[in-house]
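> need a structure here:
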Amino acid sequence: MDVIKAITTRRAYRSLVPMTITEDLVRDLARSAQLSPTCFNNQPARFVFVDNPGKLKLMHQALSGGNAWAKDGSLIIAVFSKAEDDCIIRDRKYHQFDVGMSVAFLILRATELGLVAHPIAGFSPKKTREILGIPDEYKVITLVIVGQHAEKISPVLSEKQVKWEKSRPRRKPFSKVASLNAYSGS
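Below you'll find the model as predicted:
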């Protein structure tokens, strides 16, 4: 699969079925994330890959109610970093940008492998840190839920989520997200 195919194929599906997580898969996803560009190659992203059934059950306690579907994921990846691990140039802290690029590389690799890798914001960073032993100085930025896409729509999805499951949500037009040569408003 080429990059544009992975970009256009990638979907944030919520209907998942169990799959086997191997150490090779974890290392592959981690390596793909690690190959993303970062400021001065600082590589500020840190990951905890959770596939142990008992630990997954504990991680379910960190999920918000709207992410009940994530309990069907076979792997939860906690993504975290701290500003001091990356470039800080005056008021610009690059760690979250660099972590975002790392997660994008991981998601595209998962897509290439035929998997769903769905980043979420609906979780408790505090509970995540407690469950996984992540020190307080790190900012837990996202959880990525990984699984195999299910043919049948999950019964825990809201009406809006079911709609998104059936067809890709519309994207804003070019004029709303991009300008040529100077900002043109959006």
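> Tell me the secondary structure at the residue nearest in space to the middle of the chain.
Residue closest to the average C-alpha location in the chain (Cα atoms, centre = their mean): Pro119, at 2.8 Å. Assigned state for Pro119: strand (three-state reduction, DSSP: H, G, I helix; E, B strand; the rest coil).
> just so I have it, where are all the helices in the protein?
Secondary structure of the chain (DSSP state H): helices at 3-9, 23-34, 53-60, 95-112, 125-132, 159-166, 174-177.
> Of the ones you listed, which stretch is the most buried?
Mean neighbour count (mean count of other Cβ atoms under 10 Å) peaks for helix 95-112 among those, with a mean of 20. Bear in mind the C-beta positions are built from the backbone N, C-alpha and C, glycine included.
> Just the angle for that helix relative to helix 23-34, thanks.
Orientation check (axes from the mean of the first three to the mean of the last three Cα atoms, to 10 degrees): helix 95-112 against helix 23-34 gives 140 degrees.
> Would you mind confirming that the residue nearest to the centre of the chain is in contact with Ala104?
No: shown here, Pro119 and Ala104 do not form a contact pair, counting by Cβ atoms under 8 Å, at 9.2 Å.
> where does the chain have low pLDDT?
Within the chain, the segments meeting pLDDT under 70 span 186.
> Please repeat the previous calculation with a cut-off of 90.
Across the chain, residues meeting the criterion (pLDDT under 90) sit at 1, 185-186.
> what's the longest strand in it?
strand 139-149 (DSSP state E).
> What spatial separation is found between Gln96 and Ser64?
Gln96 sits 20 Å away from Ser64 when distances are taken as Cβ to Cβ, to the nearest Å.
> just Ala178 next, same as before
For Ala178, the distance to Ser64 equals 32 Å [Cβ to Cβ].
> How about Lys5?
In this view, Lys5 and Ser64 are 32 Å apart by Cβ to Cβ.
> can you check Val103 too?
Distance, Val103 to Ser64, by Cβ to Cβ: 19 Å.
> next one: Gln148
Using Cβ to Cβ, Gln148 is found at 23 Å from Ser64.
> again, but for Asp2
Asp2 is 35 Å from Ser64, where distance means Cβ to Cβ.
> So those two - more neighbours on which side?
Set Asp2 next to Ser64 and count neighbours by other Cβ atoms under 10 Å: Ser64 wins out with 12 against 7.
> Is it correct that Ile76 is in contact with Ala70?
Yes: here Ile76 lies in contact with Ala70, judged by Cβ under 8 Å, at a distance of 7.3 Å.
> tell me, what's touching these two both at once?
Jointly contacting Ile76 and Ala70 under the rule Cβ atoms under 8 Å, 6 or more residues apart in numbering are Leu143, Ile145.
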